[in-house]
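Visitor: got a structure for you, letters missing:
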């Protein structure tokens, strides 16, 4: 149950809502600082933040409504009352792209890719805060039951009261994801400062790469951990792979395709490209097979998730190698004899 921190009359301020608000504020503050310090226009950042918040709420709720129609009386009730119901995180990506497009149409920026680059590290941090907020309600649990007493505490497990009244410990999916995303945030921020200064091959742009890299990191984490949730959302026509996993795979594939196109233009099609493409689809197959077995054999979860982690790692690592192929190599200075 969601914990209320402050109650004033009929209005309640929940701890989870406060944590989410802090995450959104931190995201905007970081984005604004990065954007302004790299020559951005302040009003563009404000418009992007407002549009992204509104569109994220709408897109994430629409996906949840589409996957859980039975929870809402009608479409208008689902999209008109946000005090109840849920959201699907996959809607954040198209919302950010649409918000950048709106800023571009408003004439406040000629380079939406740079705006998305400045937004990306803060977005990872905001998602981490969203997952952390689950500590203050009843959603921080997975479908895996942890029976070993030594592991029955955070960061691996959280207590859950079953319908029978008994307390059992489940894998703390959202808290583990918070920890991983906190690491991904620092990696994305490091990428922003380090890679933006790195020279690129002729015809290649630096803008947009940070956003792709941050999206790649979050997607790799989401592909694995969404499988451990007991309440994952599925499309009505598909009850096997969740919306979160499909969205994450699409994000990773988008990064691979984008960097592959740029790499082929810069270097020509080589054996390296075929090796990356074949390796990526093999990693995708390994992840998919692992997901199949973990759903059919729940007691195999330790081995299945270990194999899936390897597959997801290579699904994220191989596109980064494609990105590195469009970076200019540093020239070695020969020392004079």
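Guide: The structure has been received and is ready for your questions. Treat the numbers as computed from the prediction; the structure is a model and nothing was measured. Numbers count the residues shown, from 1 in each chain.
Visitor: elements contacting the host helix or strand of residue 128?
Guide: According to DSSP states H and E, residue 128 maps onto helix 112-132. For helix 112-132, the packing partners by 3 or more Cβ pairs under 8 Å, 6 or more residues apart in numbering; DSSP states H and E come out as helix 15-37, helix 42-67, helix 92-105, helix 173-195, helix 209-225. All C-beta spots, glycine's among them, are computed from the backbone N, C-alpha and C.
Visitor: Counting neighbours, what do you get for the residue lying closest to residue 277 once chain neighbours are set aside?
Guide: Take residue 277 and drop its neighbours on the chain: the residue closest to it by Cβ to Cβ, 6 or more residues apart in numbering is residue 260, 7.2 Å away. Neighbour count of residue 260, defined by other Cβ atoms under 10 Å: 20.
Visitor: and what of the one 3 residues further on?
Guide: Residues lying near residue 263 (other Cβ under 10 Å) number 23.
Visitor: by how many degrees do the helix or strand hosting it and helix 209-225 diverge?
Guide: In this assignment (DSSP H and E), residue 263 forms part of helix 243-267. On the basis of axes from the mean of the first three to the mean of the last three Cα atoms, to 10 degrees, helix 243-267 is oriented at 140 degrees to helix 209-225.
Visitor: May I see the buried residues of helix 243-267?
Guide: 243-249, 251-256, 258-260, 262-263, 266 (16 or more other Cβ atoms under 10 Å).
Visitor: returning to that earlier point: if I pick the residue nearest to residue 277, what's in contact with it?
Guide: 273, 276-277, 322 (Cβ atoms under 8 Å, 6 or more residues apart in numbering).
Visitor: Among these, which are located in helices?
Guide: Mapping the contacts of residue 260 onto helices (DSSP state H) picks out 273, 276-277, 322.
Visitor: Pull out the buried members of those.
Guide: The buried subset of the ones in helices among the contacts of residue 260 - by 16+ other Cβ under 10 Å - is 273, 276, 322.
Visitor: what two of the contacts of residue 260 are the furthest from one another?
Guide: By the measure Cβ to Cβ, 277 and 322 form the most distant pair in the contacts of residue 260, at 9.0 Å.
Visitor: joint contacts of the two?
Guide: In contact with both residue 277 and residue 322: 256, 260, using Cβ under 8 Å, 6+ apart.
Visitor: quick one: low-confidence parts of the stretch 201-337 of the chain?
Guide: Applying pLDDT under 70 to the stretch 201-337 of the chain picks out residues 330-337.
Visitor: that older thread, in JSON lines: the ones in helices among the contacts of residue 260, plus distance to residue 59.
Guide: Converted to JSON lines, the ones in helices among the contacts of residue 260 look like this (distance: Cβ to Cβ, whole Å):
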{"residue": "273", "distance to residue 59": "33"}
{"residue": "276", "distance to residue 59": "31"}
{"residue": "277", "distance to residue 59": "30"}
{"residue": "322", "distance to residue 59": "28"}
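Visitor: Out of those residues, which is nearest to residue 99?
Guide: After measuring those against residue 99 - Cβ to Cβ - the closest member comes out as residue 322, at 26.9 Å.
Visitor: Not counting its neighbours along the chain, what's nearest the closest one?
Guide: residue 259 (4.2 Å).
Visitor: same thing with residue 35?
Guide: residue 118 (4.1 Å).
Visitor: and the one you found, what does it touch?
Guide: By Cβ under 8 Å, 6+ apart, the contact list for residue 118 reads 31, 34-35, 38, 40, 45, 192.
Visitor: In PyMOL, select just the buried ones from these.
Guide: In PyMOL, this line selects whichever of those come out buried by 16+ other Cβ under 10 Å:
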select buried, resi 31+34+35+40+45+192
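Visitor: Quickly check the contacts of residue 118 for the two that are furthest apart.
Guide: Between all members of these, the farthest pair (by Cβ to Cβ) comes out as 45 and 192, at 15.3 Å.
Visitor: Point to the residue nearest the middle of this protein.
Guide: The residue lying closest to the centre of the chain (Cα atoms, centre = their mean) is residue 218, at 3.4 Å.
Visitor: Residue 198 versus that one, what's the distance?
Guide: 22 Å (Cβ to Cβ, to the nearest Å).
Visitor: and what of residue 272?
Guide: 19 Å.
Visitor: repeat for residue 288
Guide: Counting by Cβ to Cβ, the separation of residue 288 from residue 198 is 34 Å.
Visitor: Just the residues contacting stretch 215-226, thanks.
Guide: Against stretch 215-226 from outside (Cβ under 8 Å, 6+ apart): 89, 93, 120, 124, 127, 173, 176-177, 180-181, 184, 187-188, 232, 242, 244-245, 247-249, 251-252, 254-255, 287, 305, 308-309, 312-313, 315-316, 319-320.
Visitor: what's the answer for stretch 98-110, then?
Guide: The contact list for stretch 98-110 (Cβ under 8 Å, 6+ apart) reads 40-41, 43-44, 47-48, 51-52, 55, 112-113, 115-116.
Visitor: Give me the PyMOL select line for the residues you listed, limited to the buried ones.
Guide: The buried subset of those, as determined by 16+ other Cβ under 10 Å, is captured in PyMOL by this line:
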select buried, resi 40+41+44+47+48+51+52+55+112+113+115+116
